[in-house]
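# Give me a model of this one.
(chains A and B)
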Amino acid sequence: MFKKFLNNILGNDADQQKQQEPVVNPFQQQAARHDNEADDDDNDDDNVPVQGTQYQFDPHTQHGTHYTKDAFDAAANRHYEEMLANQDEALSENEKRNLKREAVTQLYLQWNGHNYDQLVQFEMANSLELTGYATQGFNQVKEEGNPLYEPIHGISLYDYAGIAHAMAQGVPEETILKAIGIEKAVWEEVNILWPERMKEDASFGIMTKYGEYFATAGQHPKLAHLKSGAAATAEGNPNLEQLKTDRYFYEELCGARTAAYEYGLDGAQWILENFGINLSDFQAVAMDWMTAQNQQFNSSEIQHYMDYQLQKQKEYSEKFAKEQGGNIADDIAF
Amino acid sequence: MFGLFSNKKEAGDPVSPEWAQQIHETQDRWFTFLQKLEERVEALCLAAIPELKAMRSSTDSIYEANIGQVWSGIRGQINQVQEKARETEEQKIRPFYRQLKNAGVNYAVALQFIETCSERYRRFEDSCHSWQDQLEAATKQDHEALYQKILEEHEQVKNQFSCQQCGAPIYLEKIYFTTSYLQCPACRTQNTYEPSTLAKSLNWIARDLAEERTAHLLDAYRKDAGQDADLYRHYLRSMFDEWNRIVPDMAASNEKFYQRQLDDFNRSV
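As a prediction, the model looks like this:
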C-alpha cells in the first residue's frame, strides 16, 4: 500500500527527484517598512512625554535619547528594590534576575511610550545584562581580553567559522586545511575544543559571535578563493543574489525546504539542485536576515513573513505530495 | 450508542428526534473518520519500522543522513494525517457544536457531544504520538552496544600500530578518537595515527552513554518533584564522573562544563 511512498523516501526512486523542475519565484516585492511609532496607550507617568510623541533611540543602547542611561538605571533600581521588598518569600538568583527584568521592562515602557516592538529591541540590545545571554546583531560580545576567545592552536573563532563555512560548501577538508595552514591532527582537536568552549560559555556569547562570523565567512582572506567540489559556487548565481535581497524569496525557500524534509527529501540538496544554492551560503544569508530582523524588530512584519512562509510551505507540500502520488490519507473523507 | 440521552431528567428539555439523529450521525462519522486515519497511520508505521531498524542496524555511525531523511518523511506523513484531523475538527465538529448551541438544543446534550468528540480526538492524537515514539526508538543508536564495539576494536588494534620509519611497534595505551601524533619509543619519529570511524564516534556518544547510565539518579530527583536539590547535584556529579571515565582525555574540559551546569542549577534554587 505504501510501496510508492516508501520507495520514494528510501531512495529507490532517485531519478524522480532529479527530474524536479526549478520553480520560478514570482515575488519581488518587499514588505513595507513600519515606522518606530509609539503606541497610543495611556501613559500615567508625569515624567514621560505625552502620548503620540515621536521618540528617538540610541542605536547602541536602544534607550530613548530624551533621558540619560544613568537616570534610567537609577530609577529602575529603585523600582526593583520596591518590588523586591513586596515579595513574600526568599527568591533564587534567577527569580531576582527575572524580577529585575520586569522592573526594567515596566519602566522602559513608561518612559518610552509603551512601544512593545521597541521594548523587544531594547531587550535584545541589552540581553547580556538583562538575561545573561547574548543576542546576535547587537555587538555585545567583547573578545579582547576574554580567555574564552583565545585562538585554539592558532585557529581563531573567525577561522573556525570560515572552515565550517567552506566545509559546508563542499570544499574538500584537505584543501581547506592546506589553505589555513594546519594539519589534520590539529584540526580534529580544534574541532573538538571550540565546541567545548561554547559549552563552557553560559552567556552563549561564543555561539552568537560564531553565527555573526559564519555570515561573513565567505570573505575569509585565506578561504574565500577556494572552490567547492560538488556544491555550486556562490559567485554569479542570480538566485543567491536574490536570496540576499528578496525576503519573500528567502521565506519561500525556507518553506520549500521544510516541506521537502516532510516528504522525505533532503531539503538542502533539493535547494542546491533546483536553485544552485548550497547549504553553507543559504545559512550565511539566513544569519543576515535574522540579524537584520533583530536590529529592526517589527512584530507585524515578522508575522507577515511567517504567514508567507507557511503559505509557501503548504504549496510546496502539495507539489511534493503530487509527485509522490499523494498523501497516505487523501482518500479518507469525513 | 454514546450515552447521549441517558440522563433526560437531569439534562432538562428533551432533544428533538431530528437533532438527536444529526448529533448521532455526526459523532458516528467523526469516530469512524478518526479510526480510519489511525488505521492508516498504523499500517504506515508497521511497514516503516522494520525498514528503519534494518537501516539502523546496518551502520555504526551516530548520525546517518538516510535514516534521518526516511524518518522525517514518515513523520511528515503522520503530520499530514494529524493536520487533516485538526482541520476536520475545526470545520465540521466545532461548527456543528456552535449550531447546537445557537439552535437552543439542550446544553447538557450539546456539551456531552463536544466532550465525547474531543475525548476521541485526544485518543487519536495519543495514538499518533505513540507511533512517533516507536519510530524514534527504531532509529535510535544503541550507545551501550556501540561502546562495546569500540572497546572490542581497541583490543584488536592496540598492538598492531607500528612506526612508519623503523617499524617498531607503538602501543596504543588508550582509545584515540581524533587523529593524533604518536612518538616511536625506539627512533623518536612522530607518527600520525588516524583512528577508525568507529573509534572517532567515542566522543560523540560519551555524554549520551553517561546520561543513560545515570538516568536512575535523575529519575530519583524527578520523582521527588524536584524538592531535594542535592539529589540533582548528586546526579550531575555522577553523570560527569561517568562521562570522564568514558573519555578521560576530555575530563578537564568536561569539568568546566560541569561547573557551568552546576552554577546554572544553583541560580535556579
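# okay, now B:Asp224: neighbour count?
Look at B:Asp224: counted by other CB atoms under 10 Å in any protein chain shown, it has 13 neighbours. For glycine as for every other residue, the C-beta is placed from the backbone atoms N, C-alpha and C.
# Kindly report the same for the one 10 residues further on.
Using other CB under 10 Å as the criterion, B:His234 is surrounded by 16 other residues.
# Who are the contact partners of it?
B:Leu217, B:Tyr221 (CB atoms under 8 Å, 6 or more residues apart in numbering or on different chains).
# Which strand or helix spans it?
Per DSSP states H and E, B:His234 falls inside helix B:229-246.
# and the residue in chain A that chain B sits nearest to, which of the three is it?
At 2.2 Å from chain B, A:Gly264 is the closest residue in chain A, using CB to the nearest CB. Using DSSP: H, G, I helix; E, B strand; the rest coil, the structure places A:Gly264 in coil.
# Now do the helices for the stretch 1-150 of chain B: every range, in order, please.
Here the stretch 1-150 of chain B has its helices, by DSSP state H, counting those that start in this stretch, at B:8-11, B:17-57, B:65-88, B:94-102, B:107-139, B:143-157.
# how about those, which one is nearest chain A?
Proximity to chain A, assessed across the helices of the stretch 1-150 of chain B by CB to the nearest CB, is greatest for helix B:65-88 (2.2 Å).
# ok so, going back, which is the succeeding secondary structure element to the helix holding B:His234?
Next in sequence after helix B:229-246, counting helices and strands by DSSP H and E, comes helix B:251-268.
# Identify all contacting residues around that next one.
A:92-94, A:97, A:193, A:196, A:199-202, B:229, B:232-233, B:236-237, B:240, B:243-244, B:247.
# Pull out the buried members of the residues you listed.
Neighbour counting by 16 or more other CB atoms under 10 Å in any protein chain shown classes A:Asn94, A:Leu193, A:Glu196, A:Lys199, A:Glu200, A:Asp201, B:Tyr232, B:Leu236, B:Phe240, B:Trp243, B:Asn244, B:Val247 among those as buried.
# interface residues of the stretch 51-200 of chain A facing chain B?
Proximity of the stretch 51-200 of chain A to chain B, by CB under 8 Å from any CB of the partner chain, involves residues A:92-94, A:97, A:183-185, A:188-189, A:192-193, A:196, A:199-200.
# Taking those, tell me the two that lie furthest apart.
Spatially, the most separated pair among these is A:Ser92 and A:Glu183, at 47.7 Å (CB to CB).
# Look up which helix or strand A:Phe214 falls in, please.
A:Phe214 is part of helix A:205-216 when elements are defined by DSSP H and E.
# what comes up buried for the next helix or strand after that helix?
Note on helix A:205-216: by DSSP H and E, the next helix or strand toward the C-terminus is helix A:238-245. By 16+ other CB under 10 Å, the buried positions in helix A:238-245 come out as A:Asn239, A:Leu240, A:Gln242, A:Leu243.
# The last one against A:Ala284, yeah?
No - with contact defined as CB atoms under 8 Å, A:Leu243 does not count as touching A:Ala284 (9.8 Å).
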